[in-house]
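Student: sequence unknown, structure follows:
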C-alpha cells in the first residue's frame, strides 16, 4: 500500500513541523484496515549539498545510495525511550546490505524524534539518494533494497 498524500502542505502552506502528526492518522488507518502489514517504510530523499551525488553501481546500473534513518524517541521534552525495535530492524538491514551491496548503503542515522517509527517494530525511514539523484538512480536502488528486505524478513542469507 503506497500512501502518497502530501503531509507537509496544510491549507496551501508548507509546514513540515507537523507532517508526522498529520501522517500518523493515515498510517494508523491503513494499519487498522490491514492488520497483516509487517513493515512500514517512510521513503525520503536526503537533502545534501548540490555538489554531492549519492550514487554507486549495482549490477552495472547507476544506483542511489541508501541511508537507514531511525528515531530514538528521546528528547528532553519527550522523555525516555520506551522501545527500540526499529533500530534492531535497521541493524538487520544494514547487515544484509554490508554483505551483498556494501557500496549501496550509507549507514544508520540516529535522531531524537520518533518519525512515526513507533507504529510497527519493523518501521523504517529510508533515505533513497538525495535531491541530486535522478529518478532512475532512485528506482534502481529499490531492486537491491527489496532483496535486502526480503533476506531480513525471511531470516535467511539464501536467495529465493
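Tutor: Perfect, I can see it now. The structure displayed is predicted, hence computed values, not measured ones.

Student: Where does pLDDT dip in this structure?
Tutor: 73-85, 156-160 (pLDDT under 70).

Student: That one: helices as residue ranges?
Tutor: 19-33, 85-100, 135-154 (DSSP state H).

Student: For these, give me JSON lines that also has mean neighbour count.
Tutor: Just so you know, the C-beta spots here come from the backbone N, C-alpha and C atoms, and that holds for glycine as well. Converted to JSON lines, the helices of the chain look like this (neighbours: other C-beta atoms under 10 Å):
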{"stretch": "helix 19-33", "mean neighbour count": "14"}
{"stretch": "helix 85-100", "mean neighbour count": "18"}
{"stretch": "helix 135-154", "mean neighbour count": "18"}
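
Student: Any chance of the ones you listed in TSV with distance to residue 53 as columns?
Tutor: Formatted as TSV, the helices of the chain follow (distance: least, C-beta to C-beta, whole Å):
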stretch	distance to residue 53
helix 19-33	26
helix 85-100	19
helix 135-154	9
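
Student: Of all these, which one is nearest residue 63?
Tutor: helix 135-154 (4.3 Å; C-beta to C-beta).
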